[in-house]
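Undergrad: Sequence first, then the predicted structure, then my questions.
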Amino acid sequence: MNEACPSTSSPRQTTRTAELVSTLTCPRCAHQTTLTMPTNACTYFYECTGCGECLRPLPGDCCVFCSYGSVKCPPVQEARDCCAPRRDR
Ligand SMILES: [Zn+2]
């Protein structure tokens, strides 16, 4: 579960190298769900299929995948701006 570094740097021609499948782990019941993330939107709310808890991103995270997923959302992986709140203010 604990990968030391993002060593998935296989050189490819494709521009889209982001990992799109993330495993969400519920902080409440530890239920895990593997989901495919949308590339053009962030999943802000997710209802746990285990306990029904409505998961929300932690402060500073833009979506539930960044907070509870094994893989962060595509925009974050590509260091793009998405719906993340600006931290400078
Ligand atoms: Zn749960």
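TA: Cool, the structure landed. Residues are numbered from 1 along each chain as shown.
Undergrad: How about the contacts made by the residue sitting nearest the centre point of the chain?
TA: In the chain, the centroid-proximal residue (C-alpha atoms, centre = their mean) is residue 65; its distance is 2.4 Å. Residue 65 makes contact with 22, 24, 35, 37, 42-43, 71-73, according to C-beta atoms under 8 Å, 6 or more residues apart in numbering. Glycine gets a C-beta too; all of them are placed from N, C-alpha and C.
Undergrad: Make sure I have this right: it is in a helix.
TA: Yes: membership of residue 65 in a helix is supported by DSSP: H, G, I helix; E, B strand; the rest coil.
Undergrad: and the gap between it and residue 37?
TA: 6 Å (C-beta to C-beta, to the nearest Å).
Undergrad: Need the residues touching each of the two.
TA: 22, 43, 71, 73.
Undergrad: Farthest pair within the residues you listed?
TA: Spatially, the most separated pair among these is 43 and 71, at 12.2 Å (C-beta to C-beta).
Undergrad: between those two, what contacts are shared?
TA: 37, 65.
Undergrad: restrict the shared contacts of residue 65 and residue 37 to those near the ion?
TA: When C-beta under 5 Å from the ion is applied, no member of those is adjacent to the ion.
Undergrad: check contacts around the closest residue to residue 66 other than its chain neighbours.
TA: In this structure, residue 66 finds its nearest non-sequential neighbour in residue 72, 4.8 Å apart by C-beta to C-beta, 6 or more residues apart in numbering. Applying C-beta under 8 Å, 6+ apart to residue 72 gives the contacts 22, 65-66.
Undergrad: I appreciate the help and will end here.
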